[in-house]
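[1] A predicted structure for the sequence below; I have some questions about it.
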Amino acid sequence: MESIGAIQSANLSSDLGQTMPVLVAEDNPVFQSMLRSMLTKWGYDARITKNGLEAWEAMQAADAPRLAVLDWMMPYMDGVEVCRRIRTAAHEPYVYVLLLTARTDSQDLVEGMEAGADDYLTKPFNAQELRVRLRAGRRILDLQQQLMEAREALRVQATHDALTGLLNRGRVVEILFAEIARSARERRPLAVLMVDLDHFKQINDTHGHQAGDAVLREAARRMQAVTRQYDAPGRYGGEEFLIVLPGCGARDGYVQAERIREAFAREPFAAGGESMAVTCSIGVSSSDACADGEACRLIREADEALYDAKNRGRNRVAAFVSDQPSAESLALTKLAKFSEA
Ligand code: GH3
Ligand code: MG
Ligand code: MG
Ligand code: MG
């Protein structure tokens with residue numbers, strides 16, 4: 001018996017030290033100060049409000065407590081209504097609600113629980129009972145937290161490339177579709193870059209596959225370092241990367257591609273204790289006035305431009321030039337000739 005009691009109190013004392021915020025809504029000053037001193041003693045950060053309206057306002061804050069002890073009978077708004085509002089707002093993370101009441105009728109209990117309360121305690125209550133019920137609430141919240149973290153980890157896994165940490169092909173193409181729709185709506189330009197490492201097979205053959213992997217990671221890091229936060233670099237295939245540049249026309253896309261090319265060529269890569277020169281070729285396509293559903297065209301044109309950059313000797317940027325070149329694409333061709341010279 002004694003050992004069980006000892007284990008239980010050891011468990012309970014673990015709620016000391018962690019100051020978990022608890023929202024308290026209680027209009028009676030005696031209960032208010034009682035709750036404040038009990039919760040503080042148990043290691044909670046008690047945030048006392050004096051009525052339902054104050055409690056509901058406190059729950060709107062970004063860092064609102066996830067554990068709430070609500071008195072039923074209060075002026076302005078009762079605890080059941082606060083609870084109903086919390087549930088209607090479908091708070092995430094979940095808010096665990098413990099209702100306090102002097103009512104004992106089982107019909108009252110039904111009403112309180114139906115409003116979305118998780119638990120119920122009748123006044124006057126036993127302090128230890130409140131303490132263990134709060135602990136039960138915390139266990140539920142911990143489980144929910146773990147569930148949310150697992151869900152988030154799965155989401156990251158499903159949308160990111162495991163080797164480089166960049167967006168994966170599915171996600172970056174999805175973003176391209178969304179950004180095309182947005183730029184069609186907002187009449188903003190959009191550029192797409194297709195980046196391909198030069199002679200990457202040789203790197204694998206000479207330094208081994210693991211060094212090749214390290215080069216891919218470093219390539220991803222350099223691309224991220226020079227792209228804006230709202231640009232979306234993704235791993236399109238083995239050593240090919242697709243970058244969506246919202247708001248960039250042909251010229252801005254070209255400049256951005258040059259920046260990436262330069263970030264590769266500037267300094268040798270370190271992989272597997274060795275240092276090696278790594279370059280990339282980049283194809284640029286763009287649309288000044290996107291029409292919905294142009295994703296395939298932009299990818300194809302970036303690919304064609306990339307092919308052109310490879311043919312012209314690698315470590316260079318090429319912009320897609322259509323059969324009927326616009327003044328801007330002609331200027332870009334000149335710019336490309338100039339930077340090659
Ligand atoms: P080019 O300049 O024409 O692009 O030549 P390349 O050698 O880069 O192109 P190629 O398509 O011939 O070879 C790409 C190589 O990339 C072949 C493949 O083994 C390698 N590769 C693809 N994915 C990975 C990966 O995840 N890790 C490593 N280490 N190598 C990869
Ligand atoms: Mg009251
Ligand atoms: Mg390659
Ligand atoms: Mg390739």
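    Structure received. Ligands and ions are numbered 1, 2, ... in the order given.

[2] pLDDT at the residue in the stretch 101-250 of the chain positioned nearest to ligand 2, what is it?
    Closest contact between the stretch 101-250 of the chain and ligand 2, by C-beta to the ion, is at residue 102 (7.7 Å). The C-beta positions use only the backbone N, C-alpha and C, and glycine is treated the same way. Turning to residue 102, the model gives it a pLDDT of 82.

[3] just checking, next helix/strand downstream of the lengthiest helix in the chain?
    Secondary structure assigned by DSSP state H gives helix 127-159 as the longest helix of the chain. The helix or strand immediately downstream of helix 127-159 is helix 169-186, counting by DSSP states H and E.

[4] Near ligand 2, which residues of the chain are found?
    Residues of the chain lying near ligand 2 by C-beta under 5 Å from the ion: 27, 71, 73, 74.

[5] just the buried members of those?
    Among the residues of the chain next to ligand 2, those that count as buried by neighbour count (16 or more other C-beta atoms under 10 Å) are 27, 71, 73, 74.

[6] and residue 297, what does it touch?
    By C-beta atoms under 8 Å, 6 or more residues apart in numbering, the residues touching residue 297 are residue 285.

[7] Extract the CA atoms of the helix or strand where it lies and return them as CSV.
    Here residue 297 sits within helix 295-311, counting by DSSP H and E. The C-alpha trace of helix 295-311 is given here as CSV (Å, rounded to 0.1, in the frame of the first residue of the first chain):
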residue,chain,number,x,y,z
ALA,A,295,2.9,24.7,-65.7
CYS,A,296,3.8,22.1,-68.3
ARG,A,297,4.8,24.7,-70.8
LEU,A,298,7.1,26.5,-68.3
ILE,A,299,8.8,23.3,-67.3
ARG,A,300,9.2,22.2,-70.9
GLU,A,301,10.7,25.6,-71.8
ALA,A,302,13.0,25.7,-68.8
ASP,A,303,14.2,22.2,-69.8
GLU,A,304,14.8,23.3,-73.4
ALA,A,305,16.8,26.3,-72.2
LEU,A,306,18.8,24.0,-69.9
TYR,A,307,19.6,21.7,-72.8
ASP,A,308,20.8,24.8,-74.6
ALA,A,309,23.0,25.8,-71.7
LYS,A,310,24.6,22.3,-71.6
ASN,A,311,25.2,22.3,-75.3
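
[8] Pull out the buried positions in it.
    So for helix 295-311, counting by 16+ other C-beta under 10 Å, buried means 295, 297-299, 301-306, 308-310.

[9] which residues of the protein fall in strands?
    With strands called from DSSP state E, the chain shows them at 20-25, 44-49, 67-71, 96-101, 119-122, 190-197, 232-237, 240-246, 269-271, 274-276, 280-287, 317-319.

[10] what's the fifth one packed up against?
    Looking back up the chat, that one is strand 119-122. Helices and strands touching strand 119-122, by 3 or more C-beta pairs under 8 Å, 6 or more residues apart in numbering; DSSP states H and E, are strand 96-101, helix 106-114, helix 127-159.

[11] Return the most buried member of these.
    strand 96-101 (a mean of 24; mean count of other C-beta atoms under 10 Å).

[12] What lies in contact with that strand?
    26, 31, 66-73, 79-80, 83, 86, 108, 112, 116-123, 125, 130, 133-134, 137-138, 140-141.

[13] which residues touch stretch 30-43?
    By C-beta under 8 Å, 6+ apart, the surrounding residues in contact with stretch 30-43 are 15-20, 22, 24, 26, 45-46, 48, 50, 69, 71, 100, 123, 127, 130-131, 134.
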